[in-house]
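Novice: test case, fold it:
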Amino acid sequence: MPELPEVEVTRLSFADRIAGAKIISLQMGKPLRWPLGCDPSKLVGHTVLQVRRRGKYLLLDTSGGLLLIHLGMSGSLGFALDLPPPGKHDHFEMRTTAGSLRLHDPRRFGAVVYASSEDDTGARKLLGRLGVEPLGEDFDALAFHAALQLRQTAIKQVLLGGEIVVGVGNIYASEALFMAGIRPTVRAARLSKPRAARLHAAIREVLAQAVAKGGSTLKDFSNAQGDSGYFQLEARVYDRTGLPCKVCLAPIRSMRQGQRSTFFCVNCQKP
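Specialist: Below you'll find the predicted structure:
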């Protein structure tokens, strides 16, 4: 699943090029996770103002309203002046004067949703419960620790939940917990202020590194220019079950948490 770094990398790969372009047409293919919510012709003739990100959602501000795009489990966006004819897994295409933006999503868990603004009921339903942006100035270490004190579930599950800090998906939660030396099974409320501060710093560092490396390409992720990411080549624990820890050489272990695979080092990560 594309996580926050992959979504941010996608945004950076086309945001400047599409800003200011006029929308020529908008076409939907097979149904996605949620309906568009308006007639596709509603946005024709309007201008793309900017492309933002909130968690794993891309927000396309236009002069005629807002498009919220989620890549789901297997989605990717392509943007180019001349895209090839759409295939069976291409389910959204917006032609503009700067090029065409297309969503390719084999599993169709992604979504493109129209809202008049972020104050629209539909937008609030999707964005309203999202936590603080981990790469933004509002992600404060003390507030992070205070929020963790109210959670009795495992810290890995709290990170994945997205209500305290948004966008720390499975890959990056495993990596940040390793960097901070925290076992994924520790109850969030048990983390001391210094340990929470280390985790806060690790989350920011891991996500920033992932963005700089173009995200992680585990199967078929690519940005809007078709480029793959390389962060997965530097992972210290993720998907390395049985391989030696890069710090202490003990074999990396894995387990299931909330139907997701968790990877950790029993020596380097303390309960």
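Novice: for the stretch 51-200 of the chain, just list every one of the helices.
Specialist: Per DSSP state H, counting those that start in this stretch, the stretch 51-200 of the chain carries helices over the ranges 121-127, 141-148, 155-161, 170-180, 193-212.
Novice: output the contacting helices and strands for the second one.
Specialist: Read it as helix 141-148. helix 193-212 (3 or more C-beta pairs under 8 Å, 6 or more residues apart in numbering; DSSP states H and E). All C-beta atoms are positioned from the backbone trio N, CA, C, and that covers glycine.
Novice: now the helix it packs on: buried residues?
Specialist: 195-200, 202-204, 206-207, 210-211 (16 or more other C-beta atoms under 10 Å).
Novice: including pLDDT, could these go into JSON lines?
Specialist: Compiled in JSON lines, these are given as follows (pLDDT from 0 to 100):
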{"residue": "195", "pLDDT": "98"}
{"residue": "196", "pLDDT": "98"}
{"residue": "197", "pLDDT": "98"}
{"residue": "198", "pLDDT": "98"}
{"residue": "199", "pLDDT": "98"}
{"residue": "200", "pLDDT": "98"}
{"residue": "202", "pLDDT": "97"}
{"residue": "203", "pLDDT": "97"}
{"residue": "204", "pLDDT": "96"}
{"residue": "206", "pLDDT": "93"}
{"residue": "207", "pLDDT": "94"}
{"residue": "210", "pLDDT": "88"}
{"residue": "211", "pLDDT": "88"}
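Novice: how many residues are close by residue 259?
Specialist: 5 (other C-beta atoms under 10 Å).
Novice: oh, that last question was meant for residue 92, not what I typed.
Specialist: When neighbours are counted by other C-beta under 10 Å, residue 92 comes out with 25.
Novice: contacting residues for it?
Specialist: Applying C-beta atoms under 8 Å, 6 or more residues apart in numbering, one finds that residue 92 lies in contact with 26, 27, 28, 29, 32, 69, 102, 103, 112.
Novice: contacting residues around the first one?
Specialist: The reference is to residue 26. 40, 41, 43, 44, 92, 93, 94, 95.
Novice: identify the bridge partners of it.
Specialist: Counting by DSSP bridges, residue 26 forms beta bridges with residue 94.
Novice: separation between the nearest residue to residue 141 once chain neighbours are set aside and residue 149?
Specialist: Closest residue to residue 141 apart from its sequence neighbours, by C-beta to C-beta, 6 or more residues apart in numbering: residue 200 at 4.3 Å. According to C-beta to C-beta, to the nearest Å, residue 200 stands 14 Å off from residue 149.
Novice: buried ones from the contacts of residue 26, can you make that a ChimeraX selection?
Specialist: Burial among these is assessed by 16+ other C-beta under 10 Å; the matching ChimeraX selection reads:
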select :40,43,92,93,94,95
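Novice: out of the contacts of residue 26, who's nearest residue 117?
Specialist: Of all these, residue 117 sits closest to residue 43, with 13.8 Å by C-beta to C-beta.
Novice: would you list the phi and psi of that closest one?
Specialist: phi -100, psi -10 (degrees, to the nearest 10).
Novice: contact partners for it?
Specialist: Residue 43 touches 23, 26, 62, 64, 65, 67, 94, 114, counting by C-beta under 8 Å, 6+ apart.
Novice: can you put the helices of the stretch 51-200 of the chain in CSV and add distance to residue 241?
Specialist: Putting those into CSV (distance: least, C-beta to C-beta, whole Å) gives the following:
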stretch, distance to residue 241
helix 121-127, 34
helix 141-148, 27
helix 155-161, 16
helix 170-180, 11
helix 193-212, 19
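Novice: quick one: closest of those helices to residue 4.
Specialist: Nearest of these (C-beta to C-beta): helix 193-212, 6.2 Å.
Novice: which other residues reach the closest one?
Specialist: 4-5, 8-9, 12, 134-135, 139, 141-142, 144-145, 148, 155, 159, 165, 167-168, 171-172, 175-177, 179-182, 191, 216, 229, 231, 234.
Novice: switch to 7 Å and redo it
Specialist: 4-5, 8-9, 134-135, 141, 144-145, 148, 165, 168, 172, 175-176, 179-182, 216, 231 (C-beta atoms under 7 Å, 6 or more residues apart in numbering).
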